[in-house]
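Enquirer: Let me see the structure of the following:
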Amino acid sequence: GTLKLSHVSIMIIDEADRCLDMGFEDQLKQIFFNFDLRPKENRQNLMFSATFSSDVRFIAKKFMNDYYFFQPKNAAPKQIEQEFVYALELDKEDKLVELLGKIDGQIIVFTATKRDSESLGNSLHQKNIKVSAIHGDKKQFQREAAIKSFTTGASKVLIATDVASRGLDFPNVSCVINYDLPGNLDDYIHRIGRTGRMGQKGRAISLINEGDRPILFKLDRFLKQQNQYRPKWFIEMLKNINNMPIEKPNTVKNNRFINSSFPEKTASSMEFQRSVNAESGIDYKTYKNLNFVSFFLFYNRCNGGFF
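Expert: Below you'll find the model as predicted:
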């Protein structure tokens, strides 16, 4: 069983940005240059992805010959309606259950970690919600079973990590929910691209709070470029975050705070609570110290804390 590549006239690499930025450049070089493929000048080379950063394009040049780069004006299809719901970490599951009860059709819910994907799936199952879960720790037969359950309609909800944000085509997903925002904008674009397939209308809902600070400002610029609606409370939250001092804890031991100081609750945070209640209708729980909770969640997210 020998595979000969000498007659290959068209070479296609899908999700090329992930292949290159995840450290597979050496493996691609081996395929392109160390086997019996025709020289790149004598074949057509095509690379595809919804996202292609300038750094990745620089690497891709090595595999291309006199190439053209095509990028659609809108990275996210216009038929995908992007929505945002404010929810603290403690409130996210309740808010998710509420949303699931209001949305018809198949739904993909993205979490930040494999552990969260598994625990959230178990929790929803206990609430009699038909759900499957897929993540990197699942065995291949378990992934296939979860995908089959979702595609056949046996499960209404698929809980997933970013393993499902690329390469899987579910034509009838009515909504994508970001239970946790991803760490970068490219993954956000790929996630919401699981809905609105083949010209259909789609819906993407993200549960957000101040703990998502690392991506929020990039996301805001992206929404402006896409002419997407940005709620008033979303803009106000960004202003509050921009003015919020980030103080390092005096002492940290085992991810727990000791003798730490945090900003006091400000008038702007009270205004923010009222604007969230007024515009989104969210039953915003009053915490004794909103900024303490926000800072804690942000620090925890960055340092891989308890959750």
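Enquirer: How much space separates Lys130 from Gln106?
Expert: 10 Å (C-beta to C-beta, to the nearest Å). C-beta: built from backbone N, CA, C; applies to glycine.
Enquirer: higher neighbour count, those two?
Expert: Using other C-beta atoms under 10 Å, the more surrounded residue of Lys130 and Gln106 is Gln106, with 20 against 13.
Enquirer: Buried ones in stretch 194-206, by neighbour count?
Expert: Neighbour counts over stretch 194-206 (16 or more other C-beta atoms under 10 Å) mark Arg194, Thr195, Gly196, Arg197, Gly202, Arg203, Ala204, Ile205, Ser206 as buried.
Enquirer: which residues of the stretch 1-150 of the chain fall in strands?
Expert: For the stretch 1-150 of the chain, the strands defined by DSSP state E, counting those that start in this stretch occupy 10-14, 44-48, 80-86, 106-110, 131-134.
Enquirer: Dump those to a markdown table, plus distance to Ser119.
Expert: Below are those laid out as a markdown table (distance: least, C-beta to C-beta, whole Å):
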| stretch | distance to Ser119 |
| --- | --- |
| strand 10-14 | 32 |
| strand 44-48 | 35 |
| strand 80-86 | 21 |
| strand 106-110 | 12 |
| strand 131-134 | 9 |
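Enquirer: need those in CSV with mean pLDDT, can you?
Expert: Listed next are the strands of the stretch 1-150 of the chain as CSV, based on pLDDT from 0 to 100:
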stretch, mean pLDDT
strand 10-14, 88
strand 44-48, 88
strand 80-86, 94
strand 106-110, 95
strand 131-134, 91
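Enquirer: Between those strands, which one is closest to Asn184.
Expert: When the strands of the stretch 1-150 of the chain are compared by C-beta to C-beta, strand 106-110 sits nearest Asn184, at 13.2 Å.
Enquirer: All set, thanks.
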